[in-house]
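Chemist: curious how this folds, go ahead:
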Amino acid sequence: MTGGPEPLSAVAREALERELAELRTEREAVAVTLRGGGGDEVGDRADEADELRRADELDRLATRIDEIEGRLREGFVAGAPSTDAVGVGSTVTVRFADGTESTLRIGELANALDTNLVTADSPLGKALLGHRAGDTVTYDTPEGRTTAVVVSLG
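Modeler: As a prediction, the model looks like this:
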């Protein structure tokens, strides 16, 4: 990452906003059980342990909510992803050393369901950051060092 506010693509913004809504709903559900005591009076150690577990879950949810809200604010400040050079939020077409081409999105958060997403902190993502169409990048793979050419951005 650049150390400054990182741009956020529309797709990434939507995913974060969706996750934020789900987390807020979950947080409210957990908070209700704590406010109401979960419907039971605290009596034995198991009840106390359950209440502590719910309080820990509430803290975890609040922390993730704060992270997402901060990232959304940062993305707003940074503006749209650049179309001049590869950055977080960019969509880039790359030609690999074996001649195959792929159109990839550079993101911050890994998503196992999105096979076209490359995280900015992965070897390929790091190599691509800051480069322009026509540039050749070198990066490490489990099989060794290889190259790729930035075909286009957009």
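Chemist: what's the first helix or strand after the helix or strand where E74 lies?
Modeler: Using DSSP states H and E, the element containing E74 is helix 45-78. Counting by DSSP H and E, the next helix or strand C-terminal to helix 45-78 is strand 91-96.
Chemist: remind me which residues of the protein are low pLDDT?
Modeler: Applying pLDDT under 70 to the chain picks out residues 1-6, 11, 36-44, 80-82, 109-114.
Chemist: list the buried residues of the helix holding E74.
Modeler: Judged by neighbour count (16 or more other C-beta atoms under 10 Å), helix 45-78 contains these buried residues: 51, 57-58, 61, 65, 68, 71-72, 75, 78. No exception for glycine: its C-beta is placed from N, CA and C like everyone else's.
Chemist: and if you look at stretch 126-134?
Modeler: So for stretch 126-134, counting by 16+ other C-beta under 10 Å, buried means 126-129, 131, 133.
Chemist: can you list contacts of it?
Modeler: 84-88, 92, 94, 106, 118, 120, 137-139, 148-153 (C-beta atoms under 8 Å, 6 or more residues apart in numbering).
Chemist: would you show me how to pick out the buried ones of the residues you listed in ChimeraX?
Modeler: Applying 16+ other C-beta under 10 Å to the contacts of stretch 126-134, the buried members can be selected in ChimeraX as follows:
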select :85,86,87,88,92,94,106,118,120,137,148,149,150,153
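Chemist: burial of G99, as a residue count?
Modeler: Using other C-beta atoms under 10 Å, G99 has 6 other residues around it.
Chemist: now it: how far from V151?
Modeler: Computed as C-beta to C-beta, to the nearest Å, the G99 to V151 distance reads 12 Å.
Chemist: again with R45
Modeler: With C-beta to C-beta as the criterion, R45 and V151 are 62 Å apart.
Chemist: try H131
Modeler: Distance, H131 to V151, by C-beta to C-beta: 11 Å.
Chemist: common neighbours of those two, please.
Modeler: If you check H131 and V151 against C-beta under 8 Å, 6+ apart, no residue is contacted by both.
Chemist: return the list of strands paired to the single longest strand found in the chain, each annotated with direction.
Modeler: Looking across the chain with DSSP state E, the single longest strand is strand 144-153. If you go by DSSP bridges, strand 144-153 pairs up with strand 91-96 (antiparallel), strand 136-141 (antiparallel).
Chemist: cool, thanks, talk later.
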